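Colleague: Sequence isn't available, so here's the structure alone:
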């Protein structure tokens, strides 16, 4: 497989392993949806917010599954945390992603959804961003992959797969599956 360029990194990556297929991803999403309904006793007071960009499709898929399992429509939105990141001086600021929180989060349970949990810094920024919309009763976190390497004391409530990786690897999560990409060198 030809090397792929990692986003925002300037590094090249090549696929080394497929960890999950599309069928596996669907099963994991279904399991997480059932866990969410059980933990929250339904989803009537739940606001699901996908983090741009990788968490949005997962949040939408979870909302659809929750509506099937919980038989109650749920609110789903998206959150761009780029202005809240603590590393915005290290990477270019591209304000092109949409923030859309369609209902009030006041006194609701907010479920933040992302594709990969790595250092925890993205989630920290998301916590700060969501609080600008009000004071939720609780905030929960769902991720498809927890790859470790935490720099902040953040732990997800719902995890699709724990996947220990090296720092030189990248994890790609799509509806078609999950794969590990290995860094092959710096792009010049």
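Modeller: Thanks, I have the structure now. Predicted, not measured: the structure shown is a model, and the values here were computed from it. Numbering: from 1, shown residues only.
Colleague: For residue 122, see how far away the one residue sitting closest to the centre of the chain is.
Modeller: By CA atoms, centre = their mean, the chain has its centre lying nearest to residue 114, at 0.4 Å. According to CB to CB, to the nearest Å, residue 114 and residue 122 sit 6 Å apart. (C-beta placed from N, C-alpha, C; glycine too.)
Colleague: same deal with residue 167?
Modeller: 16 Å.
Colleague: what do you get for residue 64?
Modeller: Shown here: residue 64 relative to residue 122, a distance of 24 Å by CB to CB.
Colleague: same check, this time on residue 178
Modeller: Going from residue 178 to residue 122 by CB to CB gives 18 Å.
Colleague: which stretches of this protein form helices?
Modeller: Here the chain has its helices, by DSSP state H, at 22-40, 56-70, 121-131.
Colleague: in stretch 142-151, what's buried?
Modeller: For stretch 142-151, burial by neighbour count (16 or more other CB atoms under 10 Å) applies to 142, 143, 144, 145, 146, 147.
Colleague: An error on my part: the question was meant for stretch 67-77.
Modeller: 69, 70, 74, 75, 76, 77.
Colleague: Just give the number of residues close to the closest residue to residue 109 other than its chain neighbours.
Modeller: Counting by CB to CB, 6 or more residues apart in numbering, the nearest residue to residue 109 once its immediate chain neighbours are dropped is residue 138, at 4.7 Å. Neighbour count for residue 138, taken as other CB atoms under 10 Å: 13.
Colleague: ditto for residue 35
Modeller: Count around residue 35 with other CB under 10 Å applied: 14.
Colleague: Pretty sure residue 158 is one of the things it touches, is it not?
Modeller: Yes - using CB atoms under 8 Å, residue 35 is in contact with residue 158, at 5.5 Å.
Colleague: circling back to that earlier point, mind listing the shared neighbours of residue 114 and residue 122?
Modeller: Counting by CB atoms under 8 Å, 6 or more residues apart in numbering, the common neighbours of residue 114 and residue 122 are residue 51.
Colleague: For the closest residue to residue 144 other than its chain neighbours, give its distance to residue 53.
Modeller: Once flanking residues are discounted, residue 144 sits nearest to residue 160: 4.1 Å by CB to CB, 6+ apart. Remark: distance between residue 160 and residue 53 (CB to CB) = 17 Å.
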